[in-house]
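Novice: when you get a sec, could you give me coordinates for this:
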Amino acid sequence: MAEPDILDELVIEVERFIRTGWRWRAQASFSSLNGAEVRVLMIVSRHGQMSASDLADKMGVGRPATSSVIRRLRNQGYLQQQQDTDDHRRHLLSLTPKGEQMVEELRGIRRKIWHDHLQALSVDEQRLLLQLIKKISESALASKA
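Specialist: A predicted model of the protein is given here:
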């Protein structure tokens, strides 16, 4: 359990860190995409074809929360939805060529900016940071279950 003073400082620094992390979006030519839409594109790119339920699980949100994001991305031509050949009741999401192009642009900008931010840490410190963030994320997801 964190001490109250440490907890307050951690919350402030994590929130500041998160805000810093989103500044990369301002440098791209995709101002029409919001944070949730960017996350969906990145998740589908990383994991390949997936159902809306699988996507919601990866995002850590309920299925209704993803529906409007999926619809907007389909309407903008970034996502496509096809019937699963194994289970005709299920539909799978995947990136369109336009979506793949957007993800490449997003990755390039994001990597450059985060590379610059993370230069303050050694490779070992970056690995430790990744382990700690994953540990916190897993704990948060486990407490929701």
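Novice: off-centre distance for the one helix or strand residue 114 maps to?
Specialist: Under the criterion of DSSP states H and E, residue 114 resides in helix 97-118. Helix 97-118 sits 12 Å away from the centroid of its parent chain (Cα atoms, centre = their mean, to the nearest Å).
Novice: packing partners of the helix or strand harbouring residue 40?
Specialist: According to DSSP H and E, residue 40 maps onto helix 35-47. If you count contacts as 3 or more Cβ pairs under 8 Å, 6 or more residues apart in numbering; DSSP states H and E, helix 35-47 packs onto helix 52-59, helix 63-75, strand 79-83, strand 91-95, helix 97-118. Where you see a C-beta, it was placed from the backbone N, CA and C, and this is true even at glycine.
Novice: any buried residues in the very next helix or strand once past the helix holding residue 114, and which?
Specialist: Per DSSP H and E, helix 97-118 leads on to helix 123-144 as the next helix or strand towards the C-terminus. Buried residues in helix 123-144, counted by 16 or more other Cβ atoms under 10 Å: none are found.
Novice: helix 123-144: how far from the chain's middle?
Specialist: For helix 123-144, the distance to the chain centre is 15 Å (Cα atoms, centre = their mean).
Novice: follow-up on the earlier one: which positions within the helix holding residue 40 qualify as buried?
Specialist: For helix 35-47, by 16+ other Cβ under 10 Å, it's 36, 37, 38, 39, 40, 41, 42, 44, 45.
Novice: quick one, that helix and helix 52-59 angle?
Specialist: For helix 35-47 against helix 52-59, the angle by axes from the mean of the first three to the mean of the last three Cα atoms, to 10 degrees is 100 degrees.
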